[in-house]
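In: Dropping the sequence and predicted coords here.
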Amino acid sequence: MKRCLIFIVITICTLFLLSYLQWGRELDVCNSRIESFNGGYYENISIIANSIYIFDKEEFAEQIIQDIIDNSLKDILFSYDIHGYPNGLHITVYMNEYARKNGKSNFEISYSQDSNYNSAYNIKDNPDKFKLNIISSTHL
């Protein structure tokens with residue numbers, strides 16, 4: 001009986017720990033860089049997801065892009081009042097700080113428009129002109 005109780009307590013504690021590691025922490029922005037060119041700019045962002053696994057990468061990417069458009073990320077505020085919204089995004093996703101320090105990204109998100117448009121559109125006003133690509137990392 002005592003072994004069974006110890007097993008149950010350890011199982012519950014493990015489940016709480018795994019639940020916290022997966023869903024209990026917010027993502028962090030660890031780097032942001034602008035690539036400016038004649039007529040527009042691209043935003044390069046590195047984030048730490050602070051989770052064990054991302055089940056739906058496309059849904060995750062769409063949420064991150066919406067947070068960037070809404071300027072609602074916790075660690076950073078973008079300045080859209082001077083140059084407007086970016087003409088493309090490149091986001092590198094790390095699962096945790098340890099992976100970031102070792103340069104092992106989990107995947108990358110590219111949100112860009114067709115080269116035929118010559119970067120004429122921004123991410124907020126013309127989302128139909130953009131294509132979302134999830135690029136798996138070779139570090140997996």
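Out: Looks like it arrived, so ask away. Numbers count the residues shown, from 1 in each chain.
In: any idea how far the lengthiest helix in the chain is from the chain center?
Out: If you go by DSSP state H, the chain has its longest helix at helix 2-23. Put simply, helix 2-23 sits 29 Å off its chain's centre (C-alpha atoms, centre = their mean, to the nearest Å).
In: likewise stretch 75-88?
Out: 16 Å.
In: Go ahead and produce PDB holding the CA coordinates of it.
Out: Taking C-alpha atoms only, stretch 75-88 is exported to PDB below (Å, rounded to 0.1, in the frame of the first residue of the first chain):
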ATOM      1  CA  ASP A  75       9.400  41.200 -24.400                       C
ATOM      2  CA  ILE A  76       9.500  43.600 -27.400                       C
ATOM      3  CA  LEU A  77       7.600  46.500 -28.900                       C
ATOM      4  CA  PHE A  78       7.900  47.100 -32.600                       C
ATOM      5  CA  SER A  79       7.800  50.600 -34.100                       C
ATOM      6  CA  TYR A  80       5.300  50.500 -36.900                       C
ATOM      7  CA  ASP A  81       4.700  54.300 -36.900                       C
ATOM      8  CA  ILE A  82       7.800  55.300 -38.800                       C
ATOM      9  CA  HIS A  83       8.300  52.700 -41.600                       C
ATOM     10  CA  GLY A  84       4.900  50.900 -41.300                       C
ATOM     11  CA  TYR A  85       4.500  47.200 -41.100                       C
ATOM     12  CA  PRO A  86       7.300  44.900 -42.400                       C
ATOM     13  CA  ASN A  87       7.200  43.400 -45.900                       C
ATOM     14  CA  GLY A  88       8.200  40.000 -44.600                       C
END
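In: CA atoms only: put stretch 56-72 into PDB for me.
Out: Output of stretch 56-72 as PDB, limited to C-alpha atoms (Å, rounded to 0.1, in the frame of the first residue of the first chain):
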ATOM      1  CA  ASP A  56       0.900  22.200 -34.500                       C
ATOM      2  CA  LYS A  57       3.700  24.300 -35.900                       C
ATOM      3  CA  GLU A  58       1.400  26.100 -38.400                       C
ATOM      4  CA  GLU A  59      -1.000  27.200 -35.700                       C
ATOM      5  CA  PHE A  60       1.900  28.300 -33.600                       C
ATOM      6  CA  ALA A  61       3.300  30.300 -36.500                       C
ATOM      7  CA  GLU A  62       0.000  31.900 -37.300                       C
ATOM      8  CA  GLN A  63      -0.400  33.000 -33.600                       C
ATOM      9  CA  ILE A  64       3.200  34.400 -33.500                       C
ATOM     10  CA  ILE A  65       2.600  36.400 -36.700                       C
ATOM     11  CA  GLN A  66      -0.700  37.700 -35.300                       C
ATOM     12  CA  ASP A  67       1.100  38.700 -32.100                       C
ATOM     13  CA  ILE A  68       3.700  40.600 -34.200                       C
ATOM     14  CA  ILE A  69       1.000  42.400 -36.200                       C
ATOM     15  CA  ASP A  70      -0.900  43.300 -33.000                       C
ATOM     16  CA  ASN A  71       2.500  44.200 -31.300                       C
ATOM     17  CA  SER A  72       1.500  42.100 -28.300                       C
END
